[in-house]
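In: sequence and computational prediction follow.
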Amino acid sequence: MAAATGNQGWAQLRQQARSLESQTESLFHTYSQFSTVSNIPPKPSPEERETEVKLEEILKKRETVVGQLGRLLDSEASLTSSALKQNNLSLLREKLAEHRRDLGRLKSKLQDARNRANLLSNVREDIESYRANNPEAAEAEYMLNERNHIDRSHDMVDSVLSQAYATNESFNLQRETLASINRRITLAASQVPGLNTLIGKISARKRRDGFIMGGFIAFCFVVFFFFM
């Protein structure tokens, strides 16, 4: 009877521990999104604080439940001898420790993001204040920025022109190469006896075949229109 009661208590506590694990992971998903916003506020928002408090509370509840499971496992001989329950308890403890570390990392990540945002905000404010108190320097900076934009535009134009010149040079080189190949073929043909005559005959035969084919096609059209 005691063994059955112990098993029932174990099952209830383990189910509670797993439910709290699922709630923890859901809260982690919500909490991690606060560090990815584009404009993170200088101080934690009420929603962020509330989520953090919920995470800390649920981790304490899980610690209590895992402690109860450990005490139950130690007090019941039938449970102590179960390797499966020992393994389940070990996994619950490891997951709890992992979630505690995750919470610490997320806190640090949020604080780092907030520090960077505050630093950038302070730098921007200092720059705006300097420009407001030194209008001549602000105008000089504006002119310098415009000069940099013009220089970059000139660099881009120079780059495009360089590519165009390189492409044109490549075309000229290819044209010269093809002309050289043509001269070599002509020279080789002139040095082989009868080759020019053979090439001429082949060309004449192609032209003759072309005339014959053209005449045949014209004859077919005439016959086609005659029988329509």
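Out: Alright, I've got the coordinates.

In: CA only for contacts and neighbour counts going forward, please
Out: Noted.

In: run through the helices of the chain in chain order.
Out: Under the criterion DSSP state H, helices of the chain are mapped to 2-32, 46-75, 77-80, 83-133, 135-191, 195-227.

In: give me the helix or strand of this protein that scores worst on average pLDDT.
Out: helix 77-80 (a mean of 58; mean pLDDT, DSSP states H and E).

In: measure the nearest residue to Tyr31 once chain neighbours are set aside to Ser45 for me?
Out: Leaving aside its chain neighbours, Tyr31 sits nearest to Thr51 (6.3 Å; criterion: Cα to Cα, 6 or more residues apart in numbering). Distance of Thr51 to Ser45, given as Cα to Cα, to the nearest Å: 10 Å.

In: with neighbour numbers in mind, choose between the two.
Out: Legend: neighbour count by other Cα atoms under 10 Å for Thr51 and Ser45, higher for Thr51 (16 against 12).

In: please report how far the residue lying closest to Ala117 once chain neighbours are set aside lies from Lys109.
Out: Spatial nearest neighbour of Ala117, chain neighbours left out: Ile40 (6.8 Å); criterion: Cα to Cα, 6+ apart. For Ile40, the distance to Lys109 equals 12 Å [Cα to Cα].

In: read off the pLDDT value for Gln33.
Out: For Gln33, the model assigns a pLDDT of 87.

In: got it, and Phe219?
Out: 74.

In: separation between it and Met213?
Out: Shown here: Phe219 relative to Met213, a distance of 10 Å by Cα to Cα.
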